[in-house]
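Novice: this is a predicted model, with the sequence first.
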Amino acid sequence: MTQELQTVLQSYDRSRDSLIPILQDVQGKLGYISEDAVKGISEYLRVSQSSIYGVATFYTQFRFTRPGDHIVRVCQGTACHVRGGQRIMNEVVKYIGIKPGETTPDYKFSLERVACFGSCALSPIVVVDDIVYGRMTPQKTKQLLKEME
Amino acid sequence: MTEIQLTIEGRKVKAKEGDTVLEAAQKAGIKIPTLCAHPALEPYGACRLCIVEIEGMRGYPTSCTTPAAEGMVVKTVSPEIIELRKNVIKLMLSGHTSPCFVCLHRESCEKYRPRSFKAGKVTRCVFCSNRDTCELRMLADEYEINDLEVPIIYKNLEVEQIDPFMDRDYNLCILCGRCARICEKIHEKGTIDFINRGKDARIGTAFNRPHTDTDCRFCGACVDICPTGAMSDRFAKWYGAPDWVQESTCVVCPLGCSLNFKIKDGKAIGASMSAFSREARICAIGRFVLPQLLNNPARRLSHQVRIEDGLIEASYKEAVERAAGILEAYRGDQFALIAHSGATREEIYILKKFTKEVMKSDNFALATANGDKLLIQPASVLDAINRGKIKALYSLGDFIDPISIEKLEAIIVADLFPSRLEKTADVFLAAAALAETDGTFLNSQGKVKTLKAAATPPENLFPDWKIVCDIAKKMGVSGFGFRTTGGILKEMKKRKAIDQEPPLSPEPSPLEHVDSLPQFYRGHRLSDLVCALEAFMPPEEIEKKKEREEAEETPFRIIEKIEIVPNTHMVTIQAPVIAQKCQPGQFVIAMVGRTSERIPYTISDFDRKSGTITLVTLELGRSSRELANTRAGEYLAHLTGPLGKPVDVKKYGTVVCAGGCYGVGAMLPIARAMKQAGNRVICIEEAASHYLLHWKDRLSANCDELVIVTKDGSEGLKGGVQEAIEMLIQRGEKIDQAYVIGCTFMMMLVSELAKKHGIPTQTAMNPLMLDGTGMCGACRVSVGEATKFACVDGPFLDGLKINWIELMQRQAAFKTEEIEAMPQEPVPMHEPGHACLTAKG
Ligand code: SF4
Ligand code: SF4
Ligand code: SF4
Ligand code: FES
Ligand code: FES
């Protein structure tokens, strides 16, 4: 168990009620719920790994693979779609070489597909690390990613 | 505890406070349907099948979670309740593989196919091993569900065969949660639970790991409690429901756990905990391995005696006489007997008495396993063997190494499996054991446990106590006239000869972790006998095992292995000698692994230059599955051939070669040879549907015309080989000779037609052959007045004269053996195939 995880765990009661707060905390610190973290939580709370994983997979907020340093989301909602969201996605897929839902082997980028970000006025949009970039083109997106490397 | 009274279905019913309404009803013999509820589990209330109406309560409460209360008035059936329950079942069926429920032909299907097909994937009940005992199916039938308003959805989840012993097909899961709850109840921290949400919700492990990467103890409780076929015991599953269950004791390690043997047709096909509780838990050896030891393909089923320098089969009487004769010459300290710690108290007593009173020797020793080591105690016995002081040994297993064996003059072995010692034995007595014997066992907690003979031993095999008594009697010593183990126990009590000292508990306990499972039975490494256990071995150990095995075998390397069409596999093997000599129509006998069955395969192609032969097999049952699961670069344990009579290649005129399934490959060399001999060759390829047709190009290149015929008419003619031949006759073709290769059923139909038209027809009898030398007699065929042996006189025999009805009946008799032989090794996901090391060489 890493030091970081241990510190997180120790600030909670050893009770099943702590499970969700712990998971949120771990995700906040580590960026995801690792296999080691589940093992550590299981020992700490005396709850089986499968139950912890079961709870964590019930809530969509948790992720189980290490995310890339930059999380790239390309909107595929209706507004963005009609204005070329798909072409932007294709360009990104080609450029960083992974499909939506994956992370590059060097953990630089994770790619996600979102359905409407609520910024339709700016469509098509790309969101990188929670910053919304509006009126994007495949070319501009590629440029943006290049700058981040 | 206070008693309460309530009214269920108008009847006054008594219950205890704390009982649920369901329990109260069950005690009164009133049936309420349930699925998620189980007597061993806490109320859960997930499936909603057990709904009832209770006066004064709104809606339809679930009886399994509602506490019974004084004065309650409960209704368990009403049109509304029935309707609701029907809807619950229909919803479950919609997410299940349910076509059989709504099939119009269900009745006749079940009549003609009383047993499920051993399919890899369950896509409907007729492919499901759980069909006989399925709780979901019984409920659907009880509620007469034969149409669904909801669509049937196949979830298409990958079938999990990756772990030893257990298959999991969550496409069949109805999310009752029994498995997860029992696992947690028994092991405190469960291995499986509900994961994901919504439509993706399912049972699984953390991170979907294989169970070998979790803390799963392979106790099988989840398999045993699952109401559907979602979880199954890979070994037992195709036998169907057991006839009865017998509580007995596992004696593989000193814990001596109670377990229930599941008996079917006299065989122990499975074992399970005697109760679904933590106290009654058993390890993977008790749950899964015991039945596989008794039904092991390597098990010796006959007694043997030595002649010159080989062992030959002998009757029990002959073997006992021979043993007695040999032992006469070794009375006194030059004799030793080594028993094993899994023997019953009665056996140990009788073996000691035999050593002392018949052989007049003090050299009685007991072999025990400690982790991965075997201990013989007292050590002085082994020492005396090594110093040459002991000249004759009676051994109940594989305990001593070749150097010690060398020192012995006479060896009598009573055992179940082959071993180095058995190879050098003067007499080998095949013994009955485990579920086949009774007696008592003192376990490490000091409890006396009872063994019950539940399974019928193979013919003429007897338990160790009886073997020894019979030898003693033959040697003219009195005091061995026992007829039952009860008689032995009586004498033990009278003589105050009951051992009170319990054996040591295995530490750490096999019940806690698969790493500490017992490794030996009677000195045999369990992982050598039951290959699925390899999954628990550290990689270095597997490597060592592989080396041991490779050193022993001359391999036949697989050059290429592909699945041509679903279930049809082509395997090309390096076998220069066979490739050099073989002729069209001949076959080879292949043994995929050292413990595999010997199976004949027609040579579908050969290449003398590169020294390879090609076999085509249809994956149906064990042996073909083993061959189908091989991969290029692996080796077959053995290959013999070419065998059988080649077809008579000469100029006939017009020759028809017809084949279906495995026969498509087999007719290729015949067509080629006939063409080269100057015949006009017409090939007929039959398949159920277009997607099963294969080798069309290869056949076309070697014949004048290729006729395609499919059962569903999706390509070529509609029908079978018969229809194709009819078509040829109708268009005026004169057929001078026909060769037909396929399943017995097809060959029978074609032969009938050929008879009508007077077409000389040779049919391939491969489906019958077992040993390829005519000795086993399994391939006997009545051809006219004569009895022929397919493997010697064939494989091609005169189809017009064969007694097909007799043949079909005999084949049906092999059904059980086929199930027994289903392979047990785990299959990795996303991989074309795998077979375990034992099956490799
Ligand atoms: S085999 Fe036993 S330990 Fe493993 S998942 Fe099933 S119930 Fe749990
Ligand atoms: S696998 Fe079987 S026991 Fe487990 S939830 Fe599914 S149907 Fe129920
Ligand atoms: S722990 Fe396993 S091997 Fe030992 S007695 Fe129990 S079931 Fe048998
Ligand atoms: S569709 Fe892309 S932000 Fe709404
Ligand atoms: S049996 Fe009561 S809800 Fe399932």
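Specialist: Here it is on my side, so go on. Ligands and ions are numbered 1, 2, ... in the order given.
Novice: just give me the neighbour total for the closest residue in space to B:A414 that isn't next to it in sequence.
Specialist: Computed as C-beta to C-beta, 6 or more residues apart in numbering or on different chains, the closest residue to B:A414 that is not its neighbour in sequence is B:L429, at 4.3 Å. All C-beta atoms are positioned from the backbone trio N, CA, C, and that covers glycine. By the criterion of other C-beta atoms under 10 Å in any protein chain shown, B:L429 has 29 neighbours.
Novice: confirm that B:L429 sits in a helix.
Specialist: No: applying DSSP: H, G, I helix; E, B strand; the rest coil, one finds B:L429 to be strand, outside a helix.
Novice: quick check: bridge partners of B:V707?
Specialist: B:I684 (DSSP bridges).
Novice: any idea how far it is from B:V245?
Specialist: B:V707 sits 54 Å away from B:V245, going by C-beta to C-beta, to the nearest Å.
Novice: okay, the two: which has more neighbours?
Specialist: Each of B:V707 and B:V245 has its neighbours counted (other C-beta under 10 Å); B:V707 has more, 20 against 16.
Novice: was I right about the more buried one contacting B:G716?
Specialist: Yes: B:V707 is in contact with B:G716 according to C-beta atoms under 8 Å; the separation is 6.8 Å.
Novice: for chain A, which spans come out with low pLDDT?
Specialist: A:1 (pLDDT under 70).
Novice: the helices in it, which residues?
Specialist: With DSSP state H as the criterion, chain A has helices at A:3-10, A:19-30, A:35-45, A:49-58, A:78-82, A:85-96, A:138-148.
Novice: deepest in the core, which of those is it.
Specialist: helix A:49-58 (a mean of 23; mean count of other C-beta atoms under 10 Å in any protein chain shown).
Novice: which residues touch B:I30?
Specialist: Applying C-beta atoms under 8 Å, 6 or more residues apart in numbering or on different chains to B:I30 gives the contacts B:8-9, B:11, B:13, B:76.
Novice: so of these, which ones are in helices?
Specialist: Per DSSP H, the subset of those in helices is empty.
Novice: go through those residues and name the one nearest chain A.
Specialist: B:T76 (33.2 Å; C-beta to the nearest C-beta).
Novice: how close does the closest residue to ligand 4 within chain A sit to B:V77?
Specialist: Going by C-beta to the nearest ligand atom, ligand 4 is nearest to A:G77 of chain A, at 2.3 Å. Noted for A:G77: a distance of 51 Å to B:V77, by C-beta to C-beta.
Novice: quick one: which of these two has more around it?
Specialist: A:G77 (19 against 14).
Novice: quick one: stretch B:444-459 near ligand 3?
Specialist: No: using C-beta under 6 Å from any ligand atom, no contact is recorded between stretch B:444-459 and ligand 3, whose separation bottoms out at 9.1 Å.
Novice: surely A:V38 and B:A206 touch.
Specialist: Yes: using C-beta under 8 Å, A:V38 is in contact with B:A206, at 5.7 Å.
Novice: intersection of neighbour lists for the two?
Specialist: A:49, A:52-53.
Novice: the longest helix seen in chain B packs against which elements?
Specialist: Determined from DSSP H, the single longest helix within chain B is helix B:79-94. In terms of contacts (3 or more C-beta pairs under 8 Å, 6 or more residues apart in numbering or on different chains; DSSP states H and E), helix B:79-94 is packed against helix B:135-142.
Novice: centroid residue for chain A?
Specialist: A:P67 (5.7 Å; C-alpha atoms, centre = their mean).
Novice: wait, doesn't that residue sit right on A:G31?
Specialist: Yes: under the criterion of C-beta under 8 Å, A:P67 makes contact with A:G31 at 5.0 Å.
Novice: domains in the chain, by residue range?
Specialist: Reading this off chain A. A:3-58, A:70-148 (automatic domain parsing).
Novice: could you do chain B instead?
Specialist: With automatic domain parsing as the criterion, the domains of chain B are listed as B:3-142, B:158-218+B:225-230, B:303-494, B:556-643, B:647-757, B:765-821.
Novice: how about a markdown table for these, with distance to B:E279 and mean pLDDT added?
Specialist: Shown next, in a markdown table, are the domains of chain B (distance: least, C-beta to C-beta, whole Å; pLDDT from 0 to 100):
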| stretch | distance to B:E279 | mean pLDDT |
| --- | --- | --- |
| domain B:3-142 | 12 | 90 |
| domain B:158-218+B:225-230 | 9 | 94 |
| domain B:303-494 | 11 | 95 |
| domain B:556-643 | 36 | 81 |
| domain B:647-757 | 51 | 87 |
| domain B:765-821 | 33 | 66 |
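Novice: still on that earlier bit, could you dump the helices of chain A to CSV with distance to chain B?
Specialist: Listed next are the helices of chain A as CSV, based on distance: least, C-beta to the nearest C-beta, whole Å:
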stretch, distance to chain B
helix A:3-10, 16
helix A:19-30, 13
helix A:35-45, 6
helix A:49-58, 4
helix A:78-82, 23
helix A:85-96, 23
helix A:138-148, 30
